[in-house]
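1. what shape does this take:
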Amino acid sequence: MFAAIAAGDHVLDLVEQQARDQVPMRVAALRASPAFQQLTPQHQAALIATFEDVPRVFRAEFGRELELISQRVAPRFARVMSACELVAVADAIQAPETQPLLQEMVLRGISGEPTESAFPDLSRTDAGGAFLATPIGIHFLEVRSELDQIVAEESRSIATLGGRMGTLGMAMACDALEDECPATTRQRLGRQ
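-> Numbers count the residues shown, from 1 in each chain. Purely as a prediction, here's the structure:
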């Protein structure tokens, strides 16, 4: 079920778009920096191309992280709800009318705002409300806090993703700069 929420393309699309929206601002800041002005035109172009590629790389890394979290969450979820129940909840969450709720929740999470739950509030849609009135929906509501706790525990690795992406971005930039990569950056990356 966690994979139905987190690993869906719509979530990865949102993550990638959020990163892509920042590219023009970051490239403008890069172009204005004195260090950038000192680079050869070839290395300037390579560095800009690297900045433009970051959203794609971030999407791939975020997707891999979500897949690992899904693998850790699945057996724990299975101890709380049956496979049939989990599929029904995932279907309710994946319903087209729930997508705006999911998008809102993901955007809040990306921006660092706390969310009340790892799951969208299904009661905000007619079909979701109807689902929550079913025996499976009622059971989901009863165990939702337990499922939220599982997601919180298993998602802690997401907090380190930003740092890992920073290091990966630095490595990508260093690769683009080739011999013009500053010695301090090479040292931070463990390259001599």
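
2. what packs against the top helix by length along the chain?
-> Longest helix in the chain by number of residues, with DSSP state H as the criterion: helix 41-78. When contacts are defined as 3 or more Cβ pairs under 8 Å, 6 or more residues apart in numbering; DSSP states H and E, helix 41-78 packs onto helix 2-6, helix 9-32, helix 135-154, helix 158-177. For the C-beta atoms, the positions are set from N, CA and C on the backbone; glycine is no exception.

3. the most centrally placed residue in the chain and Gly162, how far apart?
-> Centroid check for the chain by Cα atoms, centre = their mean gives Phe62 as the closest residue, at 4.7 Å. If you measure Phe62 against Gly162 using Cβ to Cβ, to the nearest Å, the figure is 10 Å.

4. okay, now the unreliable bits of this structure?
-> Applying pLDDT under 70 to the chain picks out residues 1-8.

5. next, format the helices and strands packed on helix 41-78 as CSV and append mean neighbour count.
-> What follows is the helices and strands packed on helix 41-78, written out as CSV (neighbours: other Cβ atoms under 10 Å):
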stretch, mean neighbour count
helix 2-6, 21
helix 9-32, 14
helix 135-154, 16
helix 158-177, 15
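
6. could I get those as a markdown table with distance to Arg188?
-> As requested, the helices and strands packed on helix 41-78 are exported to a markdown table (distance: least, Cβ to Cβ, whole Å):
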| stretch | distance to Arg188 |
| --- | --- |
| helix 2-6 | 31 |
| helix 9-32 | 18 |
| helix 135-154 | 30 |
| helix 158-177 | 7 |
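
7. Met81 is nearest to which of the ones you listed?
-> helix 135-154 (6.4 Å; Cβ to Cβ).

8. ok, and what's touching the closest one?
-> 1-2, 69, 72-73, 76-77, 80-81, 84-85, 88-89, 92, 117-119, 122, 131-132 (Cβ atoms under 8 Å, 6 or more residues apart in numbering).

9. ok now it, how far from the chain's centre?
-> How far helix 135-154 lies from its chain's middle: 21 Å, per Cα atoms, centre = their mean, to the nearest Å.

10. name the element Val89 belongs to?
-> Taking DSSP states H and E as the definition, Val89 sits inside helix 83-94.

11. the next helix-or-strand element following that helix packs against which elements?
-> The helix or strand immediately downstream of helix 83-94 is helix 99-110, counting by DSSP H and E. Here helix 99-110 touches helix 9-32, going by 3+ Cβ pairs under 8 Å, 6+ apart.

12. off-centre distance for the helix holding Val89?
-> Distance, centroid of helix 83-94 to centroid of chain: 21 Å (Cα atoms, centre = their mean).

13. ok, Glu16 - contacts?
-> The contact partners of Glu16, by Cβ under 8 Å, 6+ apart, come to Pro55, Arg56, Phe58, Arg59.
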